[in-house]
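S.K.: 3D model of this:
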Amino acid sequence: MNLPAGIELIAVLSGAASVAGLVLAVVALVGTNRPPRPPSSSGQFLHRLWSGSGSGVRDRRRHRALLVTALLAGALAFLLSGLPVVGLLVAVAVPGTPWLFSVGRAEQRAIARIEAVGEWTRRLKDVSGTGQGLQQAIIHTVATAPEEIEDEVRLLAARLQAGWLGRSALLAFADEIGDPVCDQVVAALILHLTDRGERLGDVLGSIAAAAAAEVATRREVEAKRTQPRFAVRFLTGMTLLILAYGLINPAYMRPYGTPTGQIVMVFLGGCFVALLAWVRAMSLPPRPARFLTPPDPDEVVA
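M.R.: This next block holds a predicted model:
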């Protein structure tokens, strides 16, 4: 018996919700009754797939909402077209489109954070020049910290006030910023903690000037990457238009309705996704190498 499309959609959504509820219930029961174990490689992959690469709670929630939307959009595309590969491509396109269109946003954020580190370094130089100790100077810069690194500076000051070793707190701060420019600042501050030199202000001023030059260079390079990024956006937009046209025009998708057509669609879709990922990778800068390591957990508190 053929059911209306609306009833089929409700059945698919209800089944997915039921399965998700059962999975969550099993995970909750297993997690409370078994001792914690080191996560396996597959478990780490699934956790990263579900949580995403964002470090904040807001980023993780946005990533999970995007995955749920992708599943629902894929199921809807499958019901409208009757082709499983179309549903798969739509499910991949939902999280893949923001990933492609956001190319360059991470680099722009990194440049803004470098600029903020340079500005914070200049403020720290001015405060430390008044005769205060380094740790007290860092705490006094919280109120005027740039917005891009305000949370990291506030956390650094909180760790110092909580009794963390200066070296460990500074290494944790550098690890959270994750840029070699910040590593230079932290390395100078750590050396000052050990030898108490009198020319900290000159060193911080030189690092702040170098940070400004680094920002100018990265922005110039970033401007030259606009052309390949425009190509990524253009190809992505054309692909989405073709998929949308196929969903509303069954005659266009009819040749792909056979098993051979589905295999061809999988091959073409895979090649196209690989091409977009390759173009995106070319438009991204290499990740700068850092020379500081995270703090030792056994040497955090004095």
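
S.K.: which stretches of the stretch 101-250 of the chain have low pLDDT?
M.R.: Applying pLDDT under 70 to the stretch 101-250 of the chain flags residues 197, 247.

S.K.: Swap in 80 and give it another go.
M.R.: 101-106, 129-132, 195-200, 224-233, 235-237, 239-240, 242-250 (pLDDT under 80).

S.K.: Please enumerate the helices of it.
M.R.: Assigned by DSSP state H, counting those that start in this stretch, the helices in the stretch 101-250 of the chain fall at 105-128, 134-140, 150-161, 166-177, 180-195, 200-224, 226-248, 250-253.

S.K.: Out of those, which one sits most buried?
M.R.: Stretch with highest mean neighbour count among the helices of the stretch 101-250 of the chain: helix 166-177 (a mean of 22; mean count of other Cβ atoms under 10 Å). The C-beta positions use only the backbone N, C-alpha and C, and glycine is treated the same way.

S.K.: Which neighbouring elements make contact with that helix?
M.R.: helix 150-161, helix 180-195 (3 or more Cβ pairs under 8 Å, 6 or more residues apart in numbering; DSSP states H and E).

S.K.: L83 is nearest to which of the ones you listed?
M.R.: helix 150-161 (46.3 Å; Cβ to Cβ).

S.K.: ok so, going back, distance to F272 added to the helices of the stretch 101-250 of the chain, as a markdown table?
M.R.: Listed next are these as a markdown table, based on distance: least, Cβ to Cβ, whole Å:
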| stretch | distance to F272 |
| --- | --- |
| helix 105-128 | 23 |
| helix 134-140 | 50 |
| helix 150-161 | 39 |
| helix 166-177 | 37 |
| helix 180-195 | 36 |
| helix 200-224 | 26 |
| helix 226-248 | 7 |
| helix 250-253 | 16 |
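
S.K.: Is it possible to get CSV of the helices and strands packed on helix 166-177 that adds distance to L240?
M.R.: Shown next, in CSV, are the helices and strands packed on helix 166-177 (distance: least, Cβ to Cβ, whole Å):
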stretch, distance to L240
helix 150-161, 35
helix 180-195, 38
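
S.K.: quick one, which of the ones you listed is nearest to F267?
M.R.: Comparing these under Cβ to Cβ, the one sitting nearest is helix 180-195, at 42.0 Å.

S.K.: Figure out which of the helices and strands packed on helix 166-177 is closest to G118.
M.R.: helix 180-195 (7.3 Å).

S.K.: thinking again about what came up before, looking at the helices of the stretch 101-250 of the chain, which is closest to L89?
M.R.: helix 226-248 (6.5 Å).

S.K.: about what we covered before: how about the helices of the stretch 101-250 of the chain, which one is nearest L79?
M.R.: Counting by Cβ to Cβ, L79 lies closest to helix 226-248 out of these; the figure is 10.5 Å.

S.K.: Okay, angle between that closest one and helix 200-224 too, please.
M.R.: For helix 226-248 against helix 200-224, the angle by axes from the mean of the first three to the mean of the last three Cα atoms, to 10 degrees is 50 degrees.

S.K.: Mind giving me the packing neighbours of helix 226-248?
M.R.: helix 57-81, helix 84-101, helix 250-253, helix 259-282.

S.K.: Check the ones you listed for me and report the most buried one.
M.R.: Taking mean count of other Cβ under 10 Å, helix 84-101 is the most buried of these, at a mean of 18.

S.K.: about what we covered before: got JSON lines for the helices and strands packed on helix 226-248, with distance to A244 too?
M.R.: Shown next, in JSON lines, are those (distance: least, Cβ to Cβ, whole Å):
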{"stretch": "helix 57-81", "distance to A244": "10"}
{"stretch": "helix 84-101", "distance to A244": "10"}
{"stretch": "helix 250-253", "distance to A244": "11"}
{"stretch": "helix 259-282", "distance to A244": "15"}
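
S.K.: Figure out which of those is closest to L189.
M.R.: Of those, nearest to L189 by Cβ to Cβ is helix 57-81, at 28.9 Å.

S.K.: Next up, the contacts around the nearest residue to L170 once chain neighbours are set aside.
M.R.: Excluding the flanking residues, the one nearest L170 by Cβ to Cβ, 6 or more residues apart in numbering is V186, at 4.7 Å. Applying Cβ atoms under 8 Å, 6 or more residues apart in numbering to V186 gives the contacts 170-171, 173-174, 292.

S.K.: Which two of the residues you listed have the greatest separation?
M.R.: F173 and L292 (10.0 Å).

S.K.: quick one: secondary structure of R287?
M.R.: coil (DSSP: H, G, I helix; E, B strand; the rest coil).

S.K.: what's the first-to-last distance across stretch 160-174?
M.R.: 14 Å (Cα to Cα, to the nearest Å).
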